[in-house]
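structure of the sequence below:
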Amino acid sequence: MSPAPPPFKQLKVAIVGGGLGGLSAAVALRRAGHLVSIYERRDFKLEVGASISCAANGTQWLREWGVDIASGRPIQLMKLVMREWKTGKILNQYSLDDYEKTWGNVYNMFHRVDMHTMLLETATQEEGEGTPCSVVVDHIAKELDHEKGTVTFENGITVQADLIIGADGIRSAVRSLIGAIPDTKSANQTCYRCNVKTEDIKRLGLVEWAADPGIQFWGGYPTDDLSMYYKIVMSPCAGGDIVSFYCFMPTEMTNHTQEGFQFAEVPVSDILAGAYSQLDPNCVDLIKNSIDRMPWRLYVHQPYTHWTKGNVAVLGDAAHPMMPHQSQGACMAIEDAAALGIIFSKDYGFTTDVEAGLAMYQQIRKPRATRVQNASARATENLNERIGFSSLSAPEAKLAAAENKLTVDEMNLYDMKAHVAKEVASKYSGSKAGNLQA
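The predicted structure is shown next:
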């Protein structure tokens, strides 16, 4: 006789924060059979635009959830190119020609606005498995009770839920309310981001390779007259309509002081300061014709002691804010969401013990996300730590693994479903295991 299926209870879920991580969690938990409400602090029309990397370990979950990926107008990444700062000469190239064949999924580059719209549509549309999620704006979390399962917002509204997810970003109120105290310091490097329209590149006769389906890098390696903190990461997105730039420089060369994306455009002179005057002239021409120029102050965050308390958990930037140098921030948030969807699925009995389920979530996700978080900080100082440049060939990949560097193998071979099943089987034995796993 086969064992009885574990008990399943449809949970009422409150997600605080409607960014990429919050919407991913909403989709995952909707697909798992739960009733999800999303509470966002601001109007979605303020969602800012920059390129977002979604490697195979993120794309696989978008596909599993039935997301209409094409509606997000992604560009499939085909290569990583390292260029010399002053001349633009190609110094190194990492091909992704066999990426889909090897990993079963493509490497997508989204425009943030497009990715957000895509996930929001998936979460709220009538079509697809599960009850459509509800969304409200102008809700900023002020208080919560992790035992009663209530969240009170600054507008005076209180809601009750079986499961509360804090997806409210790098300055998370939910994280503070569960007692996870930030340990941060200003990074030695900070960033400006900007976009160039492909139509302007063509109209002005700028370099054609700017719209190639690859991530282009300048700098990142120290020389006699160039700090390692000078670096550019450029990639096409928005179906090829936009080329997105992340322009890094030493923090002391900038005059902005706040962390996070800002919404006041800066003059192009703020970007083209210091060693940018020595930059490849073709790249300078692109930046001179950019739009949406926004400052982004960077901080190094140490891992938090805990991500959960009672029936409350945090995910994404609220749980593991990281430097951007592994291009895994969005993927880690998507993986967090996927773990919640698996743990609180019909395959396990955690829906009747939410606190135990969240303990399992932290056990599954915290080591992997912390490893990526730490590797992202290391890549600030040494670009050879970056996934891709850390494994340019099979022998070097083995060396990279031996040196504890992140590799494409490690990120894309990961089987979260098997990991959850193994940890549940290990933690719960005998009759209790039968209640938690079919």
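
which SSE is residue 233 in?
According to DSSP states H and E, residue 233 maps onto strand 231-237.

next helix or strand past that strand?
Once strand 231-237 ends, the next helix or strand along the chain (criterion: DSSP H and E) is strand 242-250.

how about low-confidence regions in the stretch 151-300 of the chain?
Along the stretch 151-300 of the chain, segments meeting pLDDT under 70 span 256-263.

let me fix that, I meant to ask about the stretch 1-150 of the chain.
Checking the stretch 1-150 of the chain against pLDDT under 70 turns up 1-3, 44-48.

apply 90 and report the result again.
Where the stretch 1-150 of the chain drops to pLDDT under 90, the residues are 1-6, 41-50, 80, 91-96, 138, 147.

ok, which stretches of it are helices?
Remark: helices assigned in the stretch 1-150 of the chain by DSSP state H, counting those that start in this stretch are 20-31, 56-64, 99-103, 112-124.

the closest residue to residue 88 other than its chain neighbours and residue 234, how far apart?
Closest residue in space to residue 88, ignoring its immediate chain neighbours: residue 280 at 3.6 Å, by Cβ to Cβ, 6 or more residues apart in numbering. The way it works is simple: take the backbone N, C-alpha and C, and place the C-beta from them, glycine included. Separation of residue 280 from residue 234 (Cβ to Cβ, to the nearest Å): 11 Å.

contacts for stretch 117-131?
Stretch 117-131 is contacted by residues 18, 20, 23-24, 26-27, 30-36, 38, 44, 65-69, 71-72, 110, 132-135 when judged by Cβ atoms under 8 Å, 6 or more residues apart in numbering.

rerun at 7 Å
20, 23-24, 26-27, 30-31, 33, 35, 65-68, 71-72, 132-133, 135 (Cβ atoms under 7 Å, 6 or more residues apart in numbering).

my guess is the residue nearest to residue 88 contacts residue 216. True?
No - using Cβ atoms under 7 Å, residue 280 makes no contact with residue 216, being 10.1 Å away.

mind listing what the residue nearest to residue 241 when sequence neighbours are not counted touches?
Distance criterion Cβ to Cβ, 6+ apart; nearest residue to residue 241, sequence neighbours excluded, is residue 198 at 5.5 Å. Counting by Cβ under 7 Å, 6+ apart, residue 198 touches 211, 240, 241, 242, 243.

what's the burial count for the first one?
With neighbours defined by other Cβ atoms under 10 Å, the count for residue 211 comes to 19.

quick one: it and residue 201 touch, right?
Yes - proximity of residue 211 to residue 201 meets the contact threshold set by Cβ under 7 Å, at 6.3 Å.

which neighbours do those two share?
Joint contacts of residue 211 and residue 201 (Cβ under 7 Å, 6+ apart) are residue 243.

residue boundaries of the helices in the stretch 301-438 of the chain?
Under DSSP H, counting those that start in this stretch, the stretch 301-438 of the chain gives helices at 329-343, 354-381, 394-402, 408-412, 416-427, 431-436.

and of those helices, who's closest to residue 191?
Closest to residue 191 of the helices of the stretch 301-438 of the chain is helix 354-381 (Cβ to Cβ; 10.8 Å).

just checking, what packs against the closest one?
The contact analysis (3 or more Cβ pairs under 7 Å, 6 or more residues apart in numbering; DSSP states H and E) places helix 354-381 against strand 308-309, helix 329-343, helix 416-427.

per-domain residue ranges of this structure.
Listed domain ranges for the chain are 12-77+106-184+302-436, 185-300 (source: automatic domain parsing).

tally up the residues packed near residue 321, please.
26.

still on that earlier bit, how about the helices of the stretch 1-150 of the chain, which one is nearest residue 422?
Of the helices of the stretch 1-150 of the chain, nearest to residue 422 by Cβ to Cβ is helix 56-64, at 18.1 Å.

returning to what we had before: distance to residue 55 added to the contacts of residue 198, as TSV?
TSV is the format used below for these (distance: Cβ to Cβ, whole Å):
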residue	distance to residue 55
211	21
240	19
241	22
242	20
243	20
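
residues of stretch 297-313 that come out buried?
297-301, 303-304, 307-313 (16 or more other Cβ atoms under 10 Å).

and these, which is closest to residue 52?
Nearest to residue 52 among those, with distances taken as Cβ to Cβ, is residue 298, at 16.6 Å.
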